[in-house]
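Colleague: I need the structure of the sequence given here:
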Amino acid sequence: MIPKTFTEEIQLSNGRTITLETGKLAKQADGSVVVRCGNCMLLATAVSARKASPVDFLPLTVDYREKFAAAGRFPGGFFKREARPSNEEILTMRLVDRVLRPLFPKDYHAETQVMIQLMSHDEEVKPDALAGLAASAAIQLSDIPFEYPISEVRVGRINGEFIVNPSSAQLLESDVDIMIGASEDSVAMVEGEFDEISEQEMIDAIAFGHDAIKAQIAAQVRLAEAVGKQETREYEEEDNDAELEAIVHEKAYQACYDIAKQASSKADRGLAFSEVKDAIKAEYSEEELEEKGELISKYFSGAQKKAVRDLVLNEGIRLDGRKTTDIRPIWCEVDYLPSTHGSSIFTRGETQALATVTLGTSREANVIDLPTEQGEENFYLHYNFPPFCTGEARPLRGTSRREVGHGNLAQRALKKVMPADCPYTVRVVSEVLESNGSSSMATVCSGTMALMDAGVQIKKPVSGIAMGLISDGDKFAVLSDILGDEDHLGDMDFKVTGTEDGITACQMDIKIKGLSYEILTQALEQARQGRLHILEKLVETIPAPASEVKAHAPKMINRVIANEFIGALIGPGGKVIQELQKESGCTIVINEDPVTEEGIVEILGTSPEGIAMVEAKIDSITFKPVVGNTYEVKVIKMLDFGAVVEYTQAPGNEVLLHVSELAWERTENVSDVVNMGDILEVKYFGVDSRTRKEKVSRKALLPRPERKQKPKKD
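Modeller: This next block holds a predicted model:
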């Protein structure tokens, strides 16, 4: 029997239609939906366990996968099956997770999975822009407790006009690429990159995207109503004890308030808070702690959070004693590591990032092989966050989603200032050595200085700052350069990067409803002031990019040759290029440009002599004498019928100087005119039509003897 399906449509401003369909696929999931735009189809499912997990948090998994079959392609590599998620898939998971997670009830601890997969790909549709809509629609069709529907859109801008969900081709022309996640009333998440736009332009982009989201939310509501919206399931709520909460609050609040006001370090402050909590627990017996110990810890955390927030709102004092607009002390250093191609240290308060730069050929480019995208990145950034940077000891389990996300943000911030004519593949690695507030923004700052130290001619320096917000509904405080605790206890984490002329990237997560554009405007302006302050510190340390790469760093020379010479440069079985690399100590990479039909030869080496050797070989192979021109040659072989000579400007490029072209007089022996090693000049005549060989002549450059007149007969 054909299942009954329900559909809803959403009209986009670019003329496209998004369709939501349910009832046909994955009916055993708590909620499932197919989202389609053009030929792009996503299947999203939501399932949540009926029993609570023993953990004291929501074990939510958001998974997004792109199937190669969706694009009619095979997975690359040896194993022909999709395996671990790509960085791009992880970034999409994070975009969706950050909007969904805050909307589940605080006391809902059931194992929950939201799975989204690309089932059909359309080159004109970016599927990540539909993932948030698909996830929310699947939850709305279930009985899983969830506060209200959300959606996400991508906003671009071409020729000053904003567009919703631009295609990959349109993004190449766009100076804005921003993802926005929101409910009908509130913006919850923003992440994007820009070509140095103003703060007001960014706000306009967010508002434009929010309007498009409202239409997508309305479609979800209509679809749920058409299906028959299920009653939200009942679930086991957390234990609570109002009387105990009041007692813990009374004992902890003022003590925590006083500790927060002392402006101590992260370690000292943490120790002081722990002592207060331990003192409260010491008033209870072991039996009482076994029964209520977790509740005491929970209520203590609540009292501590309120004390810190009240201190900021009431007195404008932060945990480390700063005012709301103050930036922590900064010190920087470049050229710290002697063997890297570029390095820098950026330290702001208790956050420190050490960045390195490595320069290479196109062979070191980061290959992107996805169902939805293929290509290479010649600039990429990796971010590492080891446990010691926060004073922890924990297992290392590979690159985390957080490391992928933070590295991507820093990469997007810096790639906007990379020179278009940079001949190198550039890799930046950020090692976070200390962390207490926005190590990703420290990575942007250290990355900027490391690039300049390496001699990469970036257009402008970039700095970054993380902003926070504390609000009680009536009063609010925007915090510049937030600490880790302020991120945890606050209502917003807003990271902004840019040059002195505008914003290059941003990432914002909002934890409260109804953030007004007035607060957002203030936060962006405060961020601009802080960003410029940090930028001054960077420029004081290194005012401009180094004029040259370091002595031990490879120098890159690009040469363009006609395709007809590529085979000669490579040689049979690669013999010529391999020997040349061995003799010169250089790395040589040859790429064919399909547009110009020319070969681009990359020469990478630390020795100027080695690079010169490779260039001389290329000159020799690609040398083409011009008919009528005169060239200097050297005799390298003597024959009975002439001498083999090579052009001195192109060693190895040989031609026969025939005995008849040595002199005007008849030459019996070649050695009567030239000998081995002689250097002389010849004129080039091109290919002889009779012999079909190249012809050069010495005698053509000599005065022609006058003909002897025959004696007249009497």
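
Colleague: hey, where'd the helices end up in the stretch 251-400 of the chain?
Modeller: 266-281, 286-315 (DSSP state H, counting those that start in this stretch).

Colleague: distance of residue 76 from residue 382?
Modeller: Look at residue 76 and residue 382: by Cβ to Cβ, to the nearest Å, they are 21 Å apart. Just so you know, the C-beta spots here come from the backbone N, C-alpha and C atoms, and that holds for glycine as well.

Colleague: Hmm, I typed the wrong one, I wanted residue 122.
Modeller: Distance, residue 122 to residue 382, using Cβ to Cβ: 31 Å.

Colleague: and what of residue 410?
Modeller: 9 Å.

Colleague: Ok, residue 464 next?
Modeller: Going from residue 464 to residue 382 by Cβ to Cβ gives 17 Å.

Colleague: Of those two, which one has the most company?
Modeller: Counted by other Cβ atoms under 10 Å, residue 464 and residue 382 do not tie: residue 464 has more neighbours, with 30 against 18.

Colleague: Now do the helix or strand hosting the more buried one: distance to the chain's middle.
Modeller: Assessed by DSSP states H and E, residue 464 sits inside strand 463-471. Centre-to-centre, strand 463-471 and its host chain are 21 Å apart (Cα atoms, centre = their mean, to the nearest Å).

Colleague: switch to numbering from 571
Modeller: Got it, the first residue is 571 from now on, which makes the last one we talked about strand 1033-1041.

Colleague: burial measure for residue 1123, as a count.
Modeller: Counted with other Cβ under 10 Å, residues neighbouring residue 1123 total 21.

Colleague: Now do the contacts for residue 843.
Modeller: By Cβ atoms under 8 Å, 6 or more residues apart in numbering, the residues touching residue 843 are 826, 829, 874.

Colleague: Now flag whichever of those residues is closest to residue 900.
Modeller: Comparing the contacts of residue 843 against residue 900 with Cβ to Cβ places residue 829 closest, at 26.0 Å.

Colleague: Tell me the spacing between the residue nearest to that closest one when sequence neighbours are not counted and residue 827.
Modeller: Counting by Cβ to Cβ, 6 or more residues apart in numbering, residue 829 lies nearest to residue 842, which is 4.6 Å off, once chain neighbours are set aside. For residue 842, the distance to residue 827 (Cβ to Cβ) stands at 12 Å.

Colleague: Tell me if I am right that residue 736 is in a helix.
Modeller: No: the assignment for residue 736 is coil, going by DSSP: H, G, I helix; E, B strand; the rest coil, so no helix is present there.

Colleague: right, and it touches residue 744 too?
Modeller: Yes: between residue 736 and residue 744 there is a contact under Cβ atoms under 8 Å: 6.0 Å.

Colleague: Need the three-state assignment for the nearest residue to residue 909 once chain neighbours are set aside.
Modeller: Distances taken as Cβ to Cβ, 6+ apart place residue 1122 nearest to residue 909, at 7.0 Å, with adjacent residues excluded. The local conformation at residue 1122, judged by three-state DSSP, is coil.

Colleague: my read: residue 1122 touches residue 912, true?
Modeller: No: Residue 1122 lies out of contact with residue 912 (Cβ under 8 Å); the separation is 11.2 Å.

Colleague: Looking at these two, which is more packed in?
Modeller: Taking other Cβ under 10 Å, residue 1122 and residue 912 do not tie; residue 912 has more neighbours (28 against 10).

Colleague: buried residues in the helix or strand that residue 1057 is a member of?
Modeller: Using DSSP H and E, the element containing residue 1057 is helix 1054-1059. By 16 or more other Cβ atoms under 10 Å, the buried positions in helix 1054-1059 come out as 1054, 1055, 1056, 1057, 1059.

Colleague: just stretch 1238-1249 next, same as before
Modeller: Buried residues in stretch 1238-1249, counted by 16+ other Cβ under 10 Å: 1240, 1243, 1244.

Colleague: gap between the helix or strand hosting residue 779 and the chain center?
Modeller: Residue 779 belongs to helix 769-797 when assigned by DSSP H and E. Computed by Cα atoms, centre = their mean, the chain-centroid distance of helix 769-797 equals 27 Å.

Colleague: Next SSE downstream of the helix or strand of the chain with the lowest mean pLDDT?
Modeller: Using mean pLDDT, DSSP states H and E, helix 1054-1059 stands out as the lowest-scoring helix or strand of the chain, at a mean of 82. Downstream of helix 1054-1059, the next assigned helix or strand under DSSP H and E is strand 1062-1069.

Colleague: between that following strand and helix 769-797, how big is the angle?
Modeller: In terms of direction (axes from the mean of the first three to the mean of the last three Cα atoms, to 10 degrees), strand 1062-1069 departs from helix 769-797 by 140 degrees.

Colleague: circling back to that earlier point, can you work out which residues contact both of residue 736 and residue 744?
Modeller: Common contact partners of residue 736 and residue 744 (Cβ under 8 Å, 6+ apart): 726, 728.

Colleague: and those two? which has more neighbours close in?
Modeller: Set residue 736 next to residue 744 and count neighbours by other Cβ under 10 Å: residue 736 wins out with 24 against 21.

Colleague: show me the contacts for the more buried one.
Modeller: Counting by Cβ under 8 Å, 6+ apart, residue 736 touches 584, 696, 724, 726, 728, 744.

Colleague: Which of the residues you listed fall in strands?
Modeller: Judged by DSSP state E, the subset of the contacts of residue 736 located in strands is 724, 726, 728.

Colleague: In TSV, list these along with pLDDT and distance to residue 889.
Modeller: Shown next, in TSV, are the ones in strands among the contacts of residue 736 (pLDDT from 0 to 100; distance: Cβ to Cβ, whole Å):
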residue	pLDDT	distance to residue 889
724	96	37
726	95	39
728	95	44
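
Colleague: and those residues, which are buried?
Modeller: Neighbour counting with 16+ other Cβ under 10 Å marks 724, 726 as buried within those.

Colleague: Thanks again, I'm all set now.
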